[in-house]
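Peer 1: Generate coordinates for the sequence data below:
(2 chains)
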Amino acid sequence: MFKAIVGHSTDVDSEDAIAEILDHCQSQLGNQLPQAGLLFAAMNFDYPLIVKRIQTTFPDIQLIGCTTDGEMSSVQGFQEDSIHLTLFCSDTVTIHAGLGQTLSDDAQAAANQAIDSLKLNNLQAIKLCLVLPDGLADGTEVALRQLQSKLPPNTPIIGGLAGDQYQFQKTLQFYQGEVVHNGLPILVFCGDSLKLSHGVASGWHPLSRTAIVTKANREIVHEIDHQPAVQFFQEYTGQQPIYGEYPLAVFEKDSDQFYLRASNQWDLDTNSIHFMGEVPEQAKVQITYATHDQIITAAKSSIQQAVDNYPGQQPAVAFLISCAARRWILGVRAQEEYALGKQFLDPALPIMGFYAYGEIAPLKMQGQSFYHQETLVTLLLGVD
Amino acid sequence: MTEVPPKEKELTEQLKSLDKENRKLKKTLARQERNLERLHQSRQMSESLLSRAVQEAQQSEQALQLRSQELEKALNDVRAIQSRLLTADKMSALGVLVAGVAHEINNPVSFIYGNLEYAQQYMEDLLTLVSVYQTCYPKPNPEVKDCMDGIELEFLKDDLPKVMSSMRMGAKRIKEIVLSLRTFSRTDEAEYKQIDLHTGLESTLVILGHRLKASADNAEIQVTKSYGELPQVACYAGQINQVFMNILSNAIDALKEAKIEEPKIDIATHCDNHRATITIADNGPGIPANIQEKIFDPFFSTKPVGKGTGLGMALSYQIIVEKHHGQLLYDAAGPGATFIIHLPLK
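Peer 2: Below you'll find the predicted structure:
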C-alpha cells in the first residue's frame, strides 16, 4: 500500500491555514499514520508555527518542505498565496528525511550532511530522492553530483529549488520542526515495491545568434564572444534588467541538445552575469524565447512522458515542479499547466506541486539527474 | 467570568472574517501590481529581443542569398570544368584517332598518288603504240579486229585518259583531306606555337566540305572568304581549329534547319595592332534575343535532345577567353548569326 493525502489552504492566517490542512488530512487518513510529509508554502506565513503544528499532530513524521513561487494541488488547483501539505502512508515503502546546511559555503559537505542525517545503514535500499535546495544559494549542481555519487547508481533525484515569490531575497527550507535557509532538505524513498516515472520539458527555443562563452567561473559568466556578458544580452534586450524569462541555451558539446540557464542578477560594475546554474567556458550559447503556446505544449509533453513511462498500472500521486519563469510568462494561463495535469491524469489521482527557482530531474528513465531551468518536471509515484 | 453575549461574539467573528478577507485582498492586490509591473517590463524586453532577432534574421537572409549566389557561381564553375575535362578528354581521344587514321591512310595514298604519274605515262605510251600499230597495219587480221571490237578500243582510247584524270583528282582529294585532318587534330602540335589561322580555317572547311554541298532538302552553302593579312598568331592550334569547327558547324546546322534558299557563310579576317579578328557570319535566322546571353553557358543547347551536347559554344568560349585571353562575342546586329573572335597577337 502506498497512499498520498493532500491538504491545501488559501487562508492567509497561518494558524487557521494549517488547522484547515490538518483537519482535512486527518479526515482522509482515518486511523492511518503518515510516515512522511512534503510542505509547500507561499511567503509571509508563520513557518515555525506551521511546522510545529505538523510535528505536534504527527510526532514521528519525516517532514521536508520549502517556500515557493506558487502552489498547486488537486484540492485547491493553482494558487499563489497558499500552503499545502502532502502526507505519505505506506506499509511497503519507508521514507526518511535529511538536511544539509550552508549549501553555498560547501555544497559537497551539505550533500554529505544530508545523506548522513538520514541515519540509514543501507543506502542501497534508496529508490528515489526528493530534494528541495535553497533557490538563491549557489552550489545546487555540486550538491547534486555529490548526492548522485552517494546514492545507488541511477537513483533518480527529483525536486525543485525553493522560491520567494520572485523577490529574490530569501528562500526558506523546512526539515522536521526546523525552518532554515541556505539548506538542502532531502526525502528518500526505500522499498522495492516503489514504482515511479518522470518527464521533463521546457518549450524555450534558441533565438539569438550563436555565441561562445569565452570567460566564466561556474555560475558567473564574464565574457561571451570576448565581449562583456552584459553587453551580449543588452544587444538583444536593450537596457532592461535581465530576467529569468530569457535564459541562455547552453549546448552540449557537438550537439543540438541544450539545457537552459537563467539569471536575475547583473553586475554592472564588472559587466558579468550571475546565472542560477553553472555555465562552462567555451560552451556554445544562444538567448532563448518561448511563447505561451510553446510553454503549454511542453507541459503536455512532460506529463505525457511520465504517463507513458509509468511501469505500473496506477500511480498513487503526481508531483509537478514548474519553473517560476513559466508562471510569470504564462500569467493568467499559468493554471493551464495544472489543468493539463488533471486532463492527462486519472481525475481521482492526488496532485501536488509548486513553482520553483530551478528543477531537478533526469532527462530519461534510469538516467543521471540534471539541474534544469524553465522546465516542468512531472513525477508519478506509486506501488501498483 | 463574564460571558460574551452571542451578538457580540458573532460580531467579533464577522470582524475577524472581514479582516482576514481584507488581508487576503491586500496580498492579492500587491501581487497583481508586481505582476503587472513585471509583465510590462517583460513585454518591453520581449519586443526588444524579437526586434533584434528579426533584424538578425534579415541579415542572415541577405547573407544566405549572397552565399547562394556564390554557390551558384561555384556550381557553374564546376560544371564548366567538368565539361572542359569531358570535352578535352573526348577531343583528345578523337584527335589521337584522327591523327592515327590520317597517318595510316597517308602512306598508301602517297603511294597511289605517286604512282599515278607513272601509270599515266605508261598508259599514254601504250596508247601511242596502239596508234602506231593502227597506222602501220590499217587492215588487221580478223582475230585482232574481233579483239578491237570486243574491247571497244575507240571508246577505251577516249575514256582511259578521263579515268586516269578522275583517279588523280580523287587521290589528290584524299591527300588534301588527310592533310586537313592532321592539321585539324594537331596532335603533333599540342604546344603553344605560332600558326597561320587561315590554314586552320581552310582545314576546317575541307572537313566540313561534304556538309556544305547541296542535298535533297537544302541548297549548297556558299562560303565567301574575305581574308585580310594576318601574321602568325601564337596559340594552341588544335583548340583554335575546334572553335572554328564549332562555330561553322552551328552555322551549317542553322542554315539547314531554316531551309534558307540561298544559304551562305561569310568568313572575314583582319588584323589591327595587337589582335587578329575572325568574323564568321551566316544568313540564317540568328539567335533569339532572350537566349543570346545563355549561348556560352555549359549544357545550354537549342538543338533537339541527343543532337547537341550544349558544350560546344561553352568550350569555345573557354578556349578563346580563358586559354587565349581573347574575346568571343555574339553580334546581334546582322540578319543572321555573327560570331567575332578576337585573338591577341602575343
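
Peer 1: Tell me if B:Ile177 really is in a strand.
Peer 2: No. Counting by DSSP: H, G, I helix; E, B strand; the rest coil, B:Ile177 falls outside a strand, being helix.

Peer 1: what's the closest non-adjacent residue to it?
Peer 2: Spatial nearest neighbour of B:Ile177, excluding adjacent residues (C-beta to C-beta, 6 or more residues apart in numbering or on different chains): B:Val206 at 6.1 Å. In this view, the C-beta of every residue, glycine as well, is placed from N, C-alpha and C.

Peer 1: Quick one: residues contacting that neighbour.
Peer 2: B:Val206 makes contact with B:176-177, B:180, according to C-beta atoms under 8 Å, 6 or more residues apart in numbering or on different chains.

Peer 1: In terms of pLDDT, where does it sit?
Peer 2: pLDDT, B:Val206: 86.

Peer 1: next one: B:Leu129
Peer 2: 92.

Peer 1: And for B:Tyr113, the neighbour number?
Peer 2: When neighbours are defined as other C-beta atoms under 10 Å in any protein chain shown, B:Tyr113 has 16 of them.

Peer 1: I figured it hits B:Gly170, correct?
Peer 2: No. At 9.6 Å, B:Tyr113 does not count as touching B:Gly170 under the criterion of C-beta atoms under 8 Å.

Peer 1: Just give the closest residue to B:Asp331, not the sequence neighbours.
Peer 2: In space, B:Asp331 comes closest to B:Thr338 once its chain neighbours are excluded; the distance is 4.1 Å by C-beta to C-beta, 6+ apart.

Peer 1: Can you name the residues of the stretch 51-200 of chain A that neighbour chain B?
Peer 2: Where the stretch 51-200 of chain A comes near chain B, counting by C-beta under 8 Å from any C-beta of the partner chain, the residues are A:80-81, A:165-166.

Peer 1: Just the ones of the residues you listed in strands?
Peer 2: Among those, the subset assigned to strands under DSSP state E is empty.

Peer 1: in which helix or strand would I find B:Ala99?
Peer 2: Using DSSP states H and E, B:Ala99 maps to helix B:6-136.

Peer 1: Run through the neighbouring helices and strands of that helix.
Peer 2: Applying 3 or more C-beta pairs under 8 Å, 6 or more residues apart in numbering or on different chains; DSSP states H and E, one finds that helix B:6-136 makes contact with helix A:229-237, strand A:284-289, helix A:324-330, helix B:153-185, helix B:237-258, helix B:312-317.

Peer 1: for those, which one sits closest to A:Glu245?
Peer 2: Of all these, helix A:324-330 sits nearest to A:Glu245, with 4.9 Å by C-beta to C-beta.

Peer 1: Now do that closest one: everything it contacts.
Peer 2: With contact meaning C-beta under 8 Å, 6+ apart, helix A:324-330 is reached by A:69-70, A:163, A:166, A:203, A:243-245, A:247, A:262, A:290, A:292, A:295-296, A:299, A:334, A:336-337, A:355-357, A:373-374, A:376, B:35, B:38-39, B:42.

Peer 1: Mind checking which of these are in strands?
Peer 2: Judged by DSSP E, those include A:355-356, A:376 as members of strands.

Peer 1: Nearest to the spatial middle of the chain, which residue is it?
Peer 2: Went with chain A since none was named. A:Gly160 (1.2 Å; C-alpha atoms, centre = their mean).

Peer 1: actually chain B
Peer 2: Geometric centre of chain B, nearest residue: B:Gly312, 1.8 Å, by C-alpha atoms, centre = their mean.

Peer 1: Next up, the contacts around it.
Peer 2: Here B:Gly312 is in contact with B:246, B:249-250 (criterion: C-beta under 8 Å, 6+ apart).

Peer 1: Tell me the spacing between it and B:Ala332.
Peer 2: Distance of B:Gly312 to B:Ala332, computed by C-beta to C-beta, to the nearest Å: 19 Å.

Peer 1: how many neighbours does the closest residue to chain B within the stretch 51-200 of chain A have?
Peer 2: The nearest approach of the stretch 51-200 of chain A to chain B comes at A:Asp81, 5.2 Å away (C-beta to the nearest C-beta). By the criterion of other C-beta under 10 Å, A:Asp81 has 22 neighbours.

Peer 1: Give me the phi and psi for it.
Peer 2: Backbone torsions of A:Asp81, given as degrees, to the nearest 10, read phi -130, psi 60.

Peer 1: residues in contact with the nearest residue to it once chain neighbours are set aside?
Peer 2: Leaving aside its sequence neighbours, A:Asp81 sits nearest to A:Ala42 (C-beta to C-beta, 6+ apart; 4.7 Å). Shown in contact with A:Ala42 (C-beta under 8 Å, 6+ apart): A:67-68, A:70-71, A:79-83, A:165.

Peer 1: any idea which of those is closest to A:Ser369?
Peer 2: Within the contacts of A:Ala42, distances to A:Ser369 taken as C-beta to C-beta reach their minimum at A:Thr68, with 20.5 Å.

Peer 1: I'd like the distance between that closest one and A:Leu130.
Peer 2: In terms of C-beta to C-beta, A:Thr68 sits 14 Å off from A:Leu130.

Peer 1: the more surrounded of these two?
Peer 2: Applying other C-beta under 10 Å to A:Thr68 and A:Leu130 shows that A:Thr68 carries more neighbours, namely 33 against 24.

Peer 1: residues contacting the residue of chain A found nearest chain B?
Peer 2: In chain A, the residue that lies nearest chain B is A:Gly238 (4.1 Å; C-beta to the nearest C-beta). By C-beta under 8 Å, 6+ apart, A:Gly238 lies in contact with B:44-45, B:48.

Peer 1: quick one: which of these is nearest to B:Leu15?
Peer 2: Of all these, B:Leu15 sits closest to B:Gln44, with 43.7 Å by C-beta to C-beta.

Peer 1: Near that closest one, how many residues? Count them for me, please.
Peer 2: B:Gln44, neighbours per other C-beta under 10 Å, totals 14.

Peer 1: which ones are touching it?
Peer 2: By C-beta under 8 Å, 6+ apart, the contact set of B:Gln44 is A:238, A:240.

Peer 1: Let me know the distance separating it from B:Val54.
Peer 2: From B:Gln44 to B:Val54 the distance is 16 Å (C-beta to C-beta).

Peer 1: check which helix or strand covers the nearest residue to A:Leu132 once chain neighbours are set aside.
Peer 2: Take A:Leu132 and drop its neighbours on the chain: the residue closest to it by C-beta to C-beta, 6+ apart is A:Cys66, 4.3 Å away. A:Cys66 is part of strand A:62-67, with elements assigned from DSSP H and E.

Peer 1: Show residues contacting that strand.
Peer 2: Applying C-beta under 8 Å, 6+ apart, the set of residues contacting strand A:62-67 from outside is A:35-43, A:47, A:51, A:54-55, A:85, A:95-97, A:99, A:130, A:132, A:135, A:160-164, A:171-176, A:185-187, A:354.

Peer 1: Sheet-wise, list the partners of the helix or strand following it with their directions.
Peer 2: Downstream of strand A:62-67, the first helix or strand assigned by DSSP H and E is strand A:71-73. Taking DSSP bridges as the criterion, strand A:71-73 pairs within the sheet with strand A:77-79 (antiparallel), strand A:351-356 (antiparallel).

Peer 1: Buried deepest among those strands, which one?
Peer 2: Mean neighbours per residue, mean count of other C-beta atoms under 10 Å in any protein chain shown, is largest over the strands paired with strand A:71-73 for strand A:351-356, with a mean of 27.

Peer 1: Test my guess that the residue of the stretch 51-200 of chain A closest to chain B contacts A:Val12.
Peer 2: Yes. Contact criterion C-beta under 8 Å: A:Asp81 and A:Val12 qualify, at 6.7 Å.

Peer 1: Need the overlap of contacts for these two.
Peer 2: Common neighbours of A:Asp81 and A:Val12 (criterion: C-beta under 8 Å, 6+ apart): B:24, B:27.

Peer 1: looking at this, B:Glu143 is in a strand?
Peer 2: No. Looking at B:Glu143 with three-state DSSP, it is helix, so not inside a strand.
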